[in-house]
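Student: sequence and predicted structure, then a few things I'm wondering about:
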Amino acid sequence: QVHVVESGGGVVQPGGSLTLSCTASKSVFSFNTMGWYRQAPGAQRELLASITAGGVTSYADSVQGRFTISKDRAENTLYLQMMNLKPEDTGVYYCNAHEEHIGVDLEIIPSDYWGQGTLVTVSS
C-alpha cells in the first residue's frame, strides 16, 4: 500500500503565499500523474493542478498563473506553490498519486492514493 502525506497548510491573509508539500512511500516520479485537489466547505473535491511523470503540468482556470505544481527528486516531494491567495482558495487540500498497471488481459488497472489533507484558510 502506498502512503501519501500532505503538509504545509495554515492560515494566510488574502494576497499572501503558501507552499504545500506531499511526500509518498515510493518515488513521486514513479506515478503516472500526481495532482493537487481542493475541497471547499460544502463543495465537491476539485482538481487544481496536475503533473505527469514526464513533467507536463496542467492547471484549473481558477488557479492558472497563481499556483505552481512541481516535483523534487532529491526531496521526493510534490509541491504546490500558491501565490496571491484569495478567500475562495480556502479548503482542504489533498495530494493524489495515480498509477496504472497492465493486467493479464492487457487491461489498464488504475490505482489512486490520497493523503489525509491539509487545511488552508485564507482570511484577514
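Tutor: Perfect, thanks for sending it.
Student: burial count for residue 81?
Tutor: Residue 81 has 14 neighbouring residues, counting by other Cβ atoms under 10 Å. Bear in mind the C-beta positions are built from the backbone N, C-alpha and C, glycine included.
Student: tell me which element it is part of?
Tutor: Using DSSP states H and E, residue 81 falls within strand 77-82.
Student: each with direction, which strands does that strand pair with?
Tutor: strand 18-24 (antiparallel), strand 67-72 (antiparallel) (DSSP bridges).
Student: dump the last one to CSV, restricted to CA.
Tutor: It stands for strand 67-72. The C-alpha coordinates for strand 67-72 follow below in CSV (Å, rounded to 0.1, in the frame of the first residue of the first chain):
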residue,chain,number,x,y,z
PHE,A,67,-0.3,28.2,-8.4
THR,A,68,2.7,26.2,-9.5
ILE,A,69,3.0,22.4,-9.2
SER,A,70,6.4,20.8,-9.2
LYS,A,71,8.3,17.7,-8.1
ASP,A,72,11.7,17.4,-6.5
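Student: in the sheet, who's paired with residue 5?
Tutor: Beta-bridge pairing for residue 5 (DSSP bridges): residue 23.
Student: ok, so what distance separates it from residue 33?
Tutor: Counting by Cβ to Cβ, to the nearest Å, the gap from residue 5 to residue 33 is 18 Å.
Student: so for those two, which residue has more residues nearby?
Tutor: Neighbours per residue (other Cβ under 10 Å) separate residue 5 from residue 33, with residue 33 holding more: 17 against 13.
Student: what's opposite that one in the beta bridge?
Tutor: Where residue 33 sits in a bridge, its partners, by DSSP bridges, are residue 52, residue 98.
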